[in-house]
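>>> Fold the following, please.
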Amino acid sequence: MRKRWGVVGVAAVVAATVLHGSTVQAKRTPTDDELYKQLELFSDALSIVQADYVESPEAKPLIYGALKGMLATLDPYSQFLDPDSYNELKIETEGQFGGLGIEITIKDDLLTIITPIDDTPAYKAGLKSGDRIVKIDGEITRGITLLEAVKKLRGKPGTTVALMILREGDNELKDISVTRDIIKIQSVREARILEDHIGYLRLSDFRENTPHDLEEALAKLKADHMDSLVMDLRNNPGGLLDVSVSAVELFLDRQQLIVSTKGRLRSQNLEFRSKRTGMVNDLPLVVLVNEGSASASEIFAGAIQDYHRGVIMGTKSHGKASVQTIFPLKDGSALRLTTSKYYTPAGRMIHGQGIMPDVVVPFEQVKKAKEGGQDAENVFDHVEHPETPAAPDSAKTPMDNQLARAVDLLKGIKVFQEARKANP
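I've put the predicted structure just below:
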């Protein structure tokens, strides 16, 4: 029995499981012949180690080490999971656990933060997208796998983990201590009318309850006379594939292709289409993305962009969209293997490429003047990571420059639409 994990969440986040009971009987090829020759080399090396190593080695650690090395040569997401690591992976998908609230990946052989999740210990400690984690509790992370990193970062709520961070643009390493907590994420972070009947909706990720919550939020905004929308997917690391499809179809017409997967096997080539006409399929739309937008967020943005359904604005997204399949082994271990990649409706590969915005708008710190004519100050001074956009939580909070540009663009679109109605 093979267990298929349709993962569109980034890095070490397992997103979905689908039973996959078929096996494939492949024909022997010249590549197979070369593999068998190399297996002889492995067998010879193993025999030498067993016979001549200074101490008598145990068989299982040798084989496990070889399997880990083999999977590590493929890509950062393919891994051999010993029984303990496999159990940790299942715990992550089956219940709550203590953690930091960050999405991580391996980039340039370094453990890298894709995004800190809002209102989590990592966010409050000031960790940022793009930070490289050099050490965890004093241990260097070079060569670490994603699941090994997750195991070190996760722990009992209330305990602390010491991180050494290398931040782009900084000349010195930075030590940050983070206290673990139960990570509970609310997908719809904010939904309100900004101004001029322009709605604002911010998603933190794509999880099981997201479609329901998103529909409720959109219905409320429509009841508040929303006539256009800013969809904020900045620092949204992704989540479940079927959820991303359900979310996008709210903005599209029925039977439109949303995303496809392609792999070596025919069974891995799949298409996902909208099953209904979306409740907001005709509203002017701007989607905000940045480097912290990954996987399911990129599926969403890619579909909107390919159909010219809205304008993608911000900075280039992360570029992580591959499927990992879990193959359990008889001793309780498993292989986590990349089996396919995701493509936009127009056939563009997302993985390693990302989504380039239609309108590139780098994030800038928002400034305001102090009372009494004093010098300007950063309104995000109370947050240790000003590069991470902060969603407006009240009418008094100024919009960041990317959100302000999105609002201005929607105002222009509405003016243009009214002019066309008046002069068809």
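
>>> And the closest residue to Phe80 other than its chain neighbours, how far from Tyr307?
Nearest non-adjacent residue to Phe80, counting by Cβ to Cβ, 6 or more residues apart in numbering: Leu67, 4.0 Å away. Every C-beta, even on glycine, is put in place using the N, C-alpha and C of the backbone. Counting by Cβ to Cβ, to the nearest Å, the separation of Leu67 from Tyr307 is 43 Å.

>>> How about Val134?
42 Å.

>>> same question, Ile144
Ile144 is 40 Å from Tyr307, where distance means Cβ to Cβ.

>>> Please name the residues that touch Gly310.
Applying Cβ atoms under 8 Å, 6 or more residues apart in numbering to Gly310 gives the contacts Met231, Phe251, Pro284, Leu285, Val286, Val287, Ile304.

>>> tell me which of those is nearest to Ser187?
Met231 (12.7 Å; Cβ to Cβ).

>>> Burial check on Ala419, number of neighbours?
A count of neighbours around Ala419, defined by other Cβ atoms under 10 Å, yields 9.

>>> Centre of the chain to the strand or helix carrying it, how far?
Per DSSP states H and E, Ala419 falls inside helix 401-422. Centroid separation between helix 401-422 and its chain, computed with Cα atoms, centre = their mean, to the nearest Å, is 30 Å.

>>> these two touch, right, the residue nearest to Phe80 and Leu81?
No: in this structure Leu67 lies outside contact range of Leu81 using Cβ atoms under 8 Å: 9.4 Å.

>>> so what sits against both of those two?
Ser333, Leu335.

>>> Which of those two has more residues huddled nearby?
Leu81 (26 against 17).

>>> Report pLDDT for that one.
pLDDT for Leu81: 91.

>>> Mind listing the residues bridging to it?
On the basis of DSSP bridges, Leu81 is bridged to Ala334.

>>> what about it, distance to Glu58?
19 Å.

>>> can you check Pro116 too?
40 Å.

>>> ok, these two, which is more surrounded?
Using other Cβ under 10 Å, the more surrounded residue of Pro116 and Glu58 is Pro116, with 27 against 9.

>>> Pro284 versus the more buried one, what's the distance?
Using Cβ to Cβ, one gets 31 Å for the distance from Pro116 to Pro284.

>>> Next: Ala303.
From Ala303 to Pro284 the distance is 17 Å (Cβ to Cβ).

>>> So which of these two has more stuff around it?
Between Ala303 and Pro284, counting by other Cβ under 10 Å, Ala303 is the more crowded of the two (27 against 21).

>>> Okay, and the more buried one sits in which element?
Secondary structure (DSSP H and E) places Ala303 in helix 296-306.

>>> Packing partners of that helix?
Here helix 296-306 touches helix 241-248, strand 257-263, strand 285-289, strand 311-314, going by 3 or more Cβ pairs under 8 Å, 6 or more residues apart in numbering; DSSP states H and E.

>>> in the stretch 51-200 of the chain, which ranges drop under the pLDDT threshold?
By pLDDT under 70, the low-scoring segments of the stretch 51-200 of the chain are 91-97.

>>> Tell me where it has helices.
Assigned by DSSP state H, counting those that start in this stretch, the helices in the stretch 51-200 of the chain fall at 59-72, 83-94, 121-125, 146-153.

>>> So what touches the last one?
So the one you mean is helix 146-153. 11-12, 76-77, 79, 81, 85, 88-89, 92, 99-100, 102, 104-106, 111, 133, 136-137, 139, 141, 144, 161, 336.

>>> Now the buried members of the residues you listed.
Buried by 16 or more other Cβ atoms under 10 Å: 11-12, 76-77, 79, 81, 85, 88-89, 92, 99-100, 102, 104-106, 111, 133, 136, 141, 144, 161, 336, out of the contacts of helix 146-153.

>>> Show the contacting residues for Ala219.
Per Cβ under 8 Å, 6+ apart, neighbours of Ala219: Met279.

>>> That one: which element?
Using DSSP H and E, Ala219 falls in helix 210-223.

>>> same question for that helix, mean pLDDT?
Mean predicted confidence for helix 210-223 is 95.

>>> Would you mind putting the CA coordinates of that helix into CSV?
C-alpha atoms of helix 210-223 as CSV (Å, rounded to 0.1, in the frame of the first residue of the first chain):
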residue,chain,number,x,y,z
THR,A,210,-10.8,27.8,4.7
PRO,A,211,-13.4,27.5,1.9
HIS,A,212,-16.3,27.8,4.4
ASP,A,213,-14.7,30.7,6.2
LEU,A,214,-13.8,32.4,2.9
GLU,A,215,-17.4,32.1,1.6
GLU,A,216,-18.8,33.5,4.8
ALA,A,217,-16.3,36.4,4.7
LEU,A,218,-17.1,37.2,1.0
ALA,A,219,-20.8,37.0,1.7
LYS,A,220,-20.4,39.5,4.6
LEU,A,221,-18.4,41.9,2.4
LYS,A,222,-21.0,41.7,-0.3
ALA,A,223,-23.7,42.5,2.2
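
>>> list the helices and strands the next helix or strand after that helix packs on?
Next in sequence after helix 210-223, counting helices and strands by DSSP H and E, comes strand 228-232. Secondary-structure packing of strand 228-232 (3+ Cβ pairs under 8 Å, 6+ apart): strand 198-203, strand 285-289, helix 401-422.

>>> Which of the ones you listed sits closest to Leu166?
strand 285-289 (24.6 Å).
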